[in-house]
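**Q** when you get a sec, could you give me coordinates for this:
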Amino acid sequence: MSPVRPSDGSAPTPLPTGPQDTASKLDKVPVALPPDDGAVGEPRQADDPPLAAPPDTRELAAQFEDEKPGRVLSGPVGLLFTGVTVAVALLALWQVFFPLPQGSKYYLIIFLTGILPMVFLAYPSGMRRRRPATAPTAGDPVADGATAPAADGARRGGPTLVDWLLALAALLSCLYPVLPVTLGAGGGGYDAFLDRQGLLVPLDVAMGTVLMLLLLEACRRTTGLILPAVCVLFLAYGYYGGLLPQSWAVAHAGLDFGQLIDAFYNSDSGFYGTPLDVAASYIVLFTIYGAVLDLSGAGRFFVELSAAAFRRSRTAAGRTAVASGFLLGTVSGSGAATTVSIGAVTWPILRRAGYPAERAGGMLAAAGVGAILSPPTLGAAAFIIAEYLGVSYLQVLGWATVPTILYYLGILLSVEIDARRSGVRAVVIDSGSAWRLLARFGYHFLSLIVIIVVLAMGASATRAVVIATVLAAALSFLDRRHRLTPARLVEALRGGVRGVLAVSAVCAAAGIITATTTKTGLGPQAAALLVSGAQAVSSEPAVVLALTALLAAVALSLLGLAVPVTASFVIGWVIIGPALLNLGVAAPAAAMFVFYFAVLSEVSPPTALAAVAAAAVTGGRLVPTMWQTLRYALPAYLIPIAFVITPTGLGLLGIGGAERILVAGVVSALGVTVLAVAAGGWLPGVGPAGVPERIVGAVAGLVLLWLEPVPVTVGAVLAALAVAGVLVRRGSAGRAGAPSVPKQLVPGEERE
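**A** All right, here's what the predicted structure looks like:
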C-alpha cells in the first residue's frame, strides 16, 4: 500500500497492515483543546476536568443556525435584558409547580409579553448596510449571553429608537388582553377580553393587528423573510379565499379581517395556540437545562469521553465524531451548533487519519443532525407532537428510540466502510483513560437518566426537566471550575431564555397558519388534493399510500428548505398530516414522519445548514459535502417511509408488541446495512463492491424496508446475491493477482 501523506506536511506514515501493528506505529493525536476559562496552553493536571472545544465554536455555529445573529447588549440595556430574561425564566419554572390561577392562556400572554419586546432589543433590523461578521475580541463584553456573531455594526451597536418603539408597541399589544383598564368598548381585563371572543371591538382588532405585524417583523429579524411571507400567504388565503371559484377544492366561504384577527388574537388556535404553549412550557425549560448542563462542564466531558472511548481503534476518528454528536445533542439541541462543536474537536483528528474534507464534513453534519433526532432531548417539534396527540413526552421518546438506533447504525457502518475504502490511517488519540474520565466526571449522565426515570414514574416532562436541572446545578459543585455560583446561575437562566427568543416568535407567528387552516378547512382540502394526485397514478391502496408518502416526503423536504424546523412541522402537520391519517396511517407514525422530514431540512440540499457548517469547519467543497451528508443520513430519509407504508412498520416506533418490534427492527437493520454497503462500495470483512453489486444491494435495501413477507423475502434474496457477487469479485481479483483494496486517498482527494 502507498503511504498517506498528512495534510500538515509531515512525512507520510504507512497504513497498519495487520494485527501485528502496535500503537507505536500509529500517529498519536493529542486532544489539545483549550479550557473554557481562557487559560489556553495551561498544562493539564491529574484532576483537571475534560477539555473544551475552542472558544469561538459558538460564534461560528451561529452563522449556520435557523435564526440570524443577535446583538451583544451591554451596559444598562444589557442589565435590562438580563433582568427581563431571568424574570421570564423564573416565571416558567414557577408555572411548573404553581400554575397561574387564570389558566394557561393567561400565562402565555405574560410569557409573550416578556419575550417579544426582547426580540426587538436583541436582534437588529438588518436594514442598514453591515460589514462582514467578525469574531469577538477578548475585550468584548457579552452582557446578554448571546452566542451568535453578527456583523460588526450589529454586534457593537445598541438598539435604535425604532427598536425601542417596536419593543414598547410589543409590550402594549401583548399586555392589552390582561390590562384591567376599560378603554371605551375595549380593555376591561382578561375575562372581559375572553367574553368578546367572536365579537371583537375595533380596539381589539387594532391591537391584534399590531401584534400580528410585530410577530411578522420579529420572525423576519430572527429567521429571514420566508416564514413571514408564508404567514402573509395564509392570511391572504383566509381573506381572499372566498373570491376563488367555488368549484375549486381549496375555495371557502371567505372571512373578513375582523374574523381573522379574532382567530389569531382571541382563540386557542392562534398566537396563543399549541406551538407557543410548547415553547413557553417545554422548550424554554429544556434550553435552561441545556445551559445549566453546558456551564457545568458536561459538553466538554462528552467530547473527551468520546475521544477516549475509541482512542486505539482504527476507526477512532470517525467513531469519536459520531459519538460526540450523539452526546452533545443533549446540550446543544441544534444540528448546526452540534456539527460545529464536534467538528472543531474532531476535524484535526479526521484530517490526520486521512479523511478527505468533504467526507469528513458529511460525517460531522450527519452526526450533528442526529442529535436532534435522538432521545432524551429531541427537537422542539417533538413536544408539539406530544401536545397534538395528547400523549406523554416519554411515549414520543419511545417512538424515536428504534429509528435513532437505525440512524446511528447507518452512520457507524459508513464510518467503518470509509475507513477501508478511503485508506484511513489508524491514529491513537492521546486523551487519557475513558474509565478514569467516567469515574471522575460520569455524574454528568445522572441528570439525563433522571429525566427518563421521572418520566417513567408518571411525572410530566416539565417537572422531569426541572428536577434534572436542579440536579445538574447541584452536581456542578463537584468540579471546582464549573460550580454554578449565583452569577453563573443567572448566566444560565439568561442564556436559556435567550435561546428561546427566536423559536417563541416563530411559534406565535405559526398561529396565523394554524388558525387560518382551522377556520377555512384548508387542511382536509389540501390532504384530499395530495391523495388524489397519488390516486391518479394507481387505484391500488398500497401503491396510493406509498406514492402519497413519497409526495409528502418531497413536499416536507422542500418546505424545510424555506422555514425553520418548528414552523415546518406545524405546517406539515396541518396540511400533510390529514392526508396520511385519511389513508389509515396511525397518528404516531404520521406525526413522526412529519417530524423527521422537518428536521432533515438541515441536511437537505441546497440549503443544508448542517452541511454548510461542516464545510466551513473542514474547508471542504460545499456541494460534495452535502452529497456526503446525504449518504451518511440515508437511513433517516428511508426509515420514516418504512413505518408509514406498512402496519408492520409501527414496530419501528415500538408499537405492536415484542414480535412486531423485533421483526421490524431486525429487517430494517439488515436493510440499512445493505444500503450502507451499496452507498459506500465496500463490504466489511470482504472487500470492494462493484457497480452491479451496489445496484443490486441498493434495490435490496429499499425492498427490505417494505416490511411485508414477500418484499422482505425478495430483498433478502437480492442482498444475498449482492454479497455473493462481492465474494466472487474478491476471488477473481485474488486469482488475477490484483490488489483487493483501492488506492489510498490523501486528504482532500475524493474517489470518483
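
**Q** now do the strands in the stretch 601-750 of the chain.
**A** 682-683, 687-688 (DSSP state E, counting those that start in this stretch).

**Q** now the nearest residue to residue 637 once chain neighbours are set aside: how far from residue 594?
**A** Using Cβ to Cβ, 6 or more residues apart in numbering and skipping residues adjacent in sequence, the residue nearest residue 637 is residue 600, 6.4 Å away. Just so you know, the C-beta spots here come from the backbone N, C-alpha and C atoms, and that holds for glycine as well. Distance, residue 600 to residue 594, by Cβ to Cβ, to the nearest Å: 11 Å.

**Q** ok so, going back, most tightly surrounded among the strands of the stretch 601-750 of the chain?
**A** strand 682-683 (a mean of 26; mean count of other Cβ atoms under 10 Å).

**Q** list the pairing partners of it within its sheet, with orientation.
**A** Strand 682-683 has the following sheet partners, assigned by DSSP bridges: strand 687-688 (antiparallel).

**Q** what separates the strand it pairs with from the chain centre, distance-wise?
**A** 35 Å (Cα atoms, centre = their mean, to the nearest Å).

**Q** returning to that earlier point: got a markdown table for the strands of the stretch 601-750 of the chain, with mean pLDDT and distance to residue 113 too?
**A** Putting these into a markdown table (pLDDT from 0 to 100; distance: least, Cβ to Cβ, whole Å) gives the following:
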| stretch | mean pLDDT | distance to residue 113 |
| --- | --- | --- |
| strand 682-683 | 84 | 58 |
| strand 687-688 | 84 | 62 |
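
**Q** turn these into a markdown table, columns for distance to residue 105.
**A** Listed next are the strands of the stretch 601-750 of the chain as a markdown table, based on distance: least, Cβ to Cβ, whole Å:
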| stretch | distance to residue 105 |
| --- | --- |
| strand 682-683 | 57 |
| strand 687-688 | 62 |
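
**Q** give the next helix or strand downstream of the worst-scoring helix or strand of the chain on mean pLDDT.
**A** When the helices and strands of the chain are compared on mean pLDDT, DSSP states H and E, helix 152-156 comes out lowest with a mean of 46. Using DSSP states H and E, the helix or strand that follows helix 152-156 in sequence is helix 161-175.

**Q** flag the shaky bits of this protein, pLDDT-wise.
**A** 1-69, 127-156, 311-314, 329-334, 379, 422-423, 426-432, 562, 606-608, 733-752 (pLDDT under 70).

**Q** center of it, which residue is that?
**A** Centroid-nearest residue in the chain, with Cα atoms, centre = their mean: residue 372, separated by 3.8 Å.

**Q** that one reaches residue 335, doesn't it?
**A** Yes. Under the criterion of Cβ atoms under 8 Å, residue 372 makes contact with residue 335 at 5.3 Å.

**Q** overlap in contacts, the two.
**A** 599, 602 (Cβ atoms under 8 Å, 6 or more residues apart in numbering).

**Q** now the helix or strand that contains residue 568: how far from the chain's centre is it?
**A** Using DSSP H and E, residue 568 sits in helix 565-575. Here helix 565-575 is found 14 Å from its chain centre; the criterion is Cα atoms, centre = their mean.

**Q** check which residues of that helix are buried.
**A** 565, 566, 567, 568, 569, 570, 571, 572, 573, 574, 575 (16 or more other Cβ atoms under 10 Å).

**Q** tally up the residues packed near residue 76, please.
**A** Look at residue 76: counted by other Cβ atoms under 10 Å, it has 10 neighbours.

**Q** how about it, what does it touch?
**A** Going by Cβ under 8 Å, 6+ apart, the list of residues near residue 76 is empty.

**Q** list phi and psi for residue 390.
**A** When read as degrees, to the nearest 10, the backbone of residue 390 gives phi 70, psi 40.

**Q** and what of residue 208?
**A** Torsion angles at residue 208 (phi, psi; degrees, to the nearest 10) stand at phi -60, psi -40.

**Q** does it touch residue 202 like I think?
**A** No. Counting by Cβ under 8 Å, residue 208 does not reach residue 202; the two are 10.6 Å apart.

**Q** those two: which is more packed in?
**A** Legend: neighbour count by other Cβ under 10 Å for residue 208 and residue 202, higher for residue 208 (25 against 11).

**Q** roughly how far does the more buried one sit from residue 232?
**A** Note on residue 208: its distance to residue 232, by Cβ to Cβ, is 16 Å.

**Q** kindly check the end-to-end length of stretch 477-491 for me.
**A** The first and last residues of stretch 477-491 sit 16 Å apart, counting by Cα to Cα, to the nearest Å.

**Q** touching stretch 725-732 from outside, list them.
**A** 683, 686, 687, 688, 689, 690, 692, 693, 696, 740.

**Q** want to try TSV for those, with distance to residue 217 as columns?
**A** Listed next are the contacts of stretch 725-732 as TSV, based on distance: Cβ to Cβ, whole Å:
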residue	distance to residue 217
683	55
686	59
687	59
688	56
689	54
690	57
692	57
693	56
696	55
740	62
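
**Q** got a PyMOL select line for the buried ones in the residues you listed?
**A** Buried subset of those, written as a PyMOL selection, criterion 16+ other Cβ under 10 Å:
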select buried, resi 683+687+688+689+693+696
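
**Q** ranges for the helices of the stretch 401-550 of the chain?
**A** Secondary structure of the stretch 401-550 of the chain (DSSP state H, counting those that start in this stretch): helices at 434-441, 446-456, 461-475, 486-498, 501-520, 522-535, 541-562.

**Q** need the winner for burial among those.
**A** Scoring the helices of the stretch 401-550 of the chain by mean count of other Cβ under 10 Å, the most buried comes out as helix 501-520, with a mean of 27.

**Q** which other helices and strands contact that one?
**A** Packing partners of helix 501-520 (3 or more Cβ pairs under 8 Å, 6 or more residues apart in numbering; DSSP states H and E): helix 104-122, helix 202-223, helix 226-240, helix 257-265, helix 274-278, helix 565-575.

**Q** before we move on, the earlier item: other SSEs contacting the helix holding residue 568?
**A** With 3+ Cβ pairs under 8 Å, 6+ apart as the test, helix 565-575 has helix 226-240, helix 380-389, helix 501-520, helix 522-535, helix 541-562, helix 587-599 packed against it.

**Q** quick one: that helix to helix 226-240, angle?
**A** When axes from the mean of the first three to the mean of the last three Cα atoms, to 10 degrees is applied, the directions of helix 565-575 and helix 226-240 differ by 30 degrees.

**Q** what's the first helix or strand after helix 565-575?
**A** That would be, after helix 565-575 and using DSSP H and E, helix 577-582.

**Q** just the CA trace of that following helix, in PDB.
**A** Taking Å, rounded to 0.1, in the frame of the first residue of the first chain, the C-alpha atoms of helix 577-582 are listed here in PDB:
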ATOM      1  CA  GLY A 577     -50.800  15.000   8.400                       C
ATOM      2  CA  PRO A 578     -54.500  14.700   7.400                       C
ATOM      3  CA  ALA A 579     -53.600  13.000   4.100                       C
ATOM      4  CA  LEU A 580     -51.700  10.300   5.900                       C
ATOM      5  CA  LEU A 581     -54.400   9.900   8.500                       C
ATOM      6  CA  ASN A 582     -57.100   9.600   5.900                       C
END
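
**Q** now do that helix: everything it contacts.
**A** Around helix 577-582, the neighbours that count as contacts under Cβ under 8 Å, 6+ apart are 523-524, 526-528, 530-531, 548-549, 552, 587, 589-591, 593-594, 644.

**Q** buried residues, that helix. List them.
**A** 577, 578, 579, 580, 581.

**Q** so how far is residue 591 from the second one?
**A** Put plainly, it is residue 578. As defined by Cβ to Cβ, residue 578 lies at a distance of 12 Å from residue 591.

**Q** one more: the third one?
**A** From residue 579 across to residue 591, the span is 13 Å (Cβ to Cβ).
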